[in-house]
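>>> No letters, just coordinates:
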């Protein structure tokens with residue numbers, strides 16, 4: 001907003017392009033925050049659910065560190081899925097999973 005005000009005062013197109021670039025970066029950041037807030041791990045009495053993956057506690061074989069700062073959950077049916085480190089309270093989720101399996 002500050003660069004847009006400077007653009008109106010000085011009438012320089014450099015300030016206009018700079019403010020447009022900051023506006024685009026701001027909108028992308030806000031959009032990614034909204035999308036990321038939808039990603040939650042649901043822990044139920046009989047199992048867990050993350051995005052399109054769901055499994056019972058008896059189906060989980062192991063849990064460990066994955067690549068790129070993720071937690072990887074491996075199931076007995078040779079399936080696996082990664083929970084990213086951006087999930088709020090990931091350490092509590094890992095402890096809950098380890099206690100249940």
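Looks like it came in fine. Model, not experiment: these values are computed from the prediction. Residues are numbered from 1 along each chain as shown.
>>> and residue 71, what does it touch?
Residues in contact with residue 71, defined by C-beta atoms under 8 Å, 6 or more residues apart in numbering, are 63-65, 82-83, 85, 90, 93-94. The C-beta positions use only the backbone N, C-alpha and C, and glycine is treated the same way.
>>> On the strand side of things, show who it bridges to.
Under DSSP bridges, the beta-bridge partners of residue 71 are residue 65, residue 83.
>>> how close does it get to residue 51?
14 Å (C-beta to C-beta, to the nearest Å).
>>> Next: residue 27.
Distance from residue 27 to residue 51, by C-beta to C-beta: 24 Å.
>>> on that earlier part again, only the buried members of the contacts of residue 71: can you turn that into a ChimeraX selection?
Applying 16 or more other C-beta atoms under 10 Å to those leaves a buried subset, and the ChimeraX line that selects it is:
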select :63,83,90,93,94
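>>> for the protein, longest helix please?
helix 13-37 (DSSP state H).
>>> Going by contacts, tell me the helices and strands next to that one.
Judged by 3 or more C-beta pairs under 8 Å, 6 or more residues apart in numbering; DSSP states H and E, helix 13-37 is in contact with helix 2-10.
>>> ok so, going back, out of the contacts of residue 71, which comes closest to residue 41?
Within the set of these, residue 93 lies nearest residue 41; the separation is 5.1 Å, counting by C-beta to C-beta.
>>> residues contacting that closest one?
In this structure, residue 93 makes contact with 41, 43, 71, 83, 87, judged by C-beta under 8 Å, 6+ apart.
>>> and it, what element?
With elements taken from DSSP states H and E, the one containing residue 93 is helix 90-100.
>>> a markdown table for the contacts of residue 71, including distance to residue 57?
A markdown table is the format used below for the contacts of residue 71 (distance: C-beta to C-beta, whole Å):
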| residue | distance to residue 57 |
| --- | --- |
| 63 | 11 |
| 64 | 17 |
| 65 | 20 |
| 82 | 19 |
| 83 | 16 |
| 85 | 23 |
| 90 | 18 |
| 93 | 13 |
| 94 | 14 |
